[in-house]
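Peer 1: Could you work out the structure for the sequence below:
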Amino acid sequence: MAIVHVTDQNFTKETSEGLVLADFWAPWCGPCKMIAPVLEEIDGEMEDKVSIVKLDVDENQETAGKYGVMSIPTLLLFKDGNVVDQVVGFQPKEALVELVNKHA
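Peer 2: Residues are numbered from 1 along each chain as shown. Sure, this is the predicted structure:
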């Protein structure tokens with residue numbers, strides 16, 4: 001399953017079922033660019049456990065504000081529409097895999 005780019009309009013729908021890792025990012029953010037290939041790898045290896053969505057905070061400030069995102073990248077882990085975990089800043093792949101497995 002490919003990583004889905006979401007907006008304020010479809011964020012709630014895309015995070016409402018199952019385990020979803022939401023990446024709050026922006027095109028100008030260096031650490032966001034560093035974490036992108038890590039998320040691609042996780043998506044390829046763990047697609048049966050977790051879906052990954054990306055939200056550009058510059059274009060979708062309403063959703064970022066709703067979840068209190070102050071620094072990027074911020075990764076929120078949703079389980080059936082509820083936030084169950086959060087990490088801020090670049091994370092190595094192992095840490096993100098552990099995060100997903102903890103809630104899978």
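
Peer 1: okay, CA-based contacts and neighbour counts for the rest of this
Peer 2: OK.

Peer 1: got the residue ranges for the strands in the protein?
Peer 2: In the chain, the strands defined using DSSP state E lie at 4-6, 19-25, 51-56, 74-79, 82-88.

Peer 1: quick one: the residue nearest in space to the middle of the chain and Val87, what's the gap?
Peer 2: Central residue of the chain (CA atoms, centre = their mean): Ala22, 2.0 Å from the mean position. In this view, Ala22 and Val87 are 10 Å apart by CA to CA, to the nearest Å.

Peer 1: hey, what's in contact with both of the two?
Peer 2: The contact sets of Ala22 and Val87 overlap at Leu75, Leu76 (CA atoms under 8 Å, 6 or more residues apart in numbering).

Peer 1: which phi and psi does the most far-flung residue of the chain relative to its centre have?
Peer 2: When distances are taken from the C-alpha mean of the chain, Trp28 lies farthest, 17.1 Å away, according to CA atoms, centre = their mean. As for Trp28, its main-chain torsions (degrees, to the nearest 10) stand at phi -90, psi 0.

Peer 1: one step back: my guess is the residue nearest to the centre of the chain contacts Leu75. True?
Peer 2: Yes: under the criterion of CA atoms under 8 Å, Ala22 makes contact with Leu75 at 5.5 Å.

Peer 1: Now do the same contact list for Phe24.
Peer 2: Neighbouring residues of Phe24 by CA under 8 Å, 6+ apart: Lys54, Leu55, Asp56, Val57, Ala64, Val69, Ile72, Pro73, Thr74, Leu75.

Peer 1: who wins for most neighbours among those residues?
Peer 2: Pro73 (26 neighbours; other CA atoms under 10 Å).

Peer 1: for that residue, what are its contacts?
Peer 2: With CA under 8 Å, 6+ apart, Pro73 has these contacts: Asp23, Phe24, Trp25, Ala26, Cys29, Pro31, Cys32, Val88, Gly89, Phe90.

Peer 1: got the residues you listed as a markdown table, with distance to Thr15 columns?
Peer 2: Supplementary listing: the contacts of Pro73 in a markdown table, determined by distance: CA to CA, whole Å:
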| residue | distance to Thr15 |
| --- | --- |
| Asp23 | 11 |
| Phe24 | 13 |
| Trp25 | 16 |
| Ala26 | 19 |
| Cys29 | 23 |
| Pro31 | 23 |
| Cys32 | 20 |
| Val88 | 19 |
| Gly89 | 21 |
| Phe90 | 21 |
